[in-house]
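S.K.: I'll drop the sequence and a predicted model, then ask my questions.
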Amino acid sequence: MISFEKITETEIIQQILAGEKSLYEIIVRRFNPYLYKVGRAYNYNHEDTQDLMQETFIDAYKDLIRFEGRSSFKTWIIRIMMNNCYRKREKPSFKNEIIQDVHDDSKPMFTDPNNDVERLMQNRELTHIIEDALRRIPFDYRMVFSLREINGLNVSETAGLLHISESNVKVRLNRSRAMLRREIEKKYAVGELFAFNLIYCDAIVENVMKRILTADVE
């Protein structure tokens, strides 16, 4: 497997555009978890989310030359994933909201220092409870929660992806936190939700790279 811990996205893209197609594996492996979390936030099941991820990676590959670095690559490829999710499910019209309670302290919602992935995975029943709780949150709030809390985007990036104001991002985040707090506060780290297992990562890599290296996307 290609080592990809230190090389930047800009360096990877330059080399891919210069003909090193195999380096796109780095992109796929690096951003698999983020795209998976976005797909699941749309309430797509595991299989549909994987299909959307592969479509997104192919779309991103085709448009690599258009990536200008005005936003982070993470934001850019998440935007492509969201557009694909929108096309699969009718794009919702965002409702006007009364701007209130916009304080955002930017601290993680869950702060239990004893959290660890192994303990979470051992309690699969609770994992399902957490995912079900997120699915019950209205779409507008679920997406803000996913982008801010789970995928780690900042307020400005989230606002840009969702085409809403930064104030609305803060409002929706606070409301989504309140909706979840009763069931999962102080129990599990948000970043552990919707974990994308490496065995699935390998399958996505194989499928995407097979299409790229066989010129299926030219």
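M.R.: Done, it's in.

S.K.: and whichever strand or helix holds residue 31, what other elements does it pack with?
M.R.: Per DSSP states H and E: residue 31 is located in helix 24-41. Using 3 or more Cβ pairs under 8 Å, 6 or more residues apart in numbering; DSSP states H and E, the elements in contact with helix 24-41 are helix 9-17, helix 46-62, helix 73-88, helix 139-145, helix 198-213. C-beta coordinates here come from the backbone N, C-alpha and C atoms, glycine included.

S.K.: check those helices for me: which has the lowest mean pLDDT.
M.R.: Of all the helices and strands packed on helix 24-41, mean pLDDT reaches its minimum on helix 198-213 (a mean of 86).

S.K.: which elements pack onto that helix?
M.R.: So helix 198-213, by 3+ Cβ pairs under 8 Å, 6+ apart, packs with helix 24-41, helix 46-62.

S.K.: tell me the most buried of those helices?
M.R.: Mean neighbour count, computed with mean count of other Cβ atoms under 10 Å, is highest for helix 24-41 among the helices and strands packed on helix 198-213, reaching a mean of 22.

S.K.: I'd like the mean pLDDT over it, please.
M.R.: 92.

S.K.: can you tell me the centre-most residue of the protein?
M.R.: For the chain, residue 34 is the residue whose C-alpha lies nearest the centre (Cα atoms, centre = their mean; 3.2 Å).
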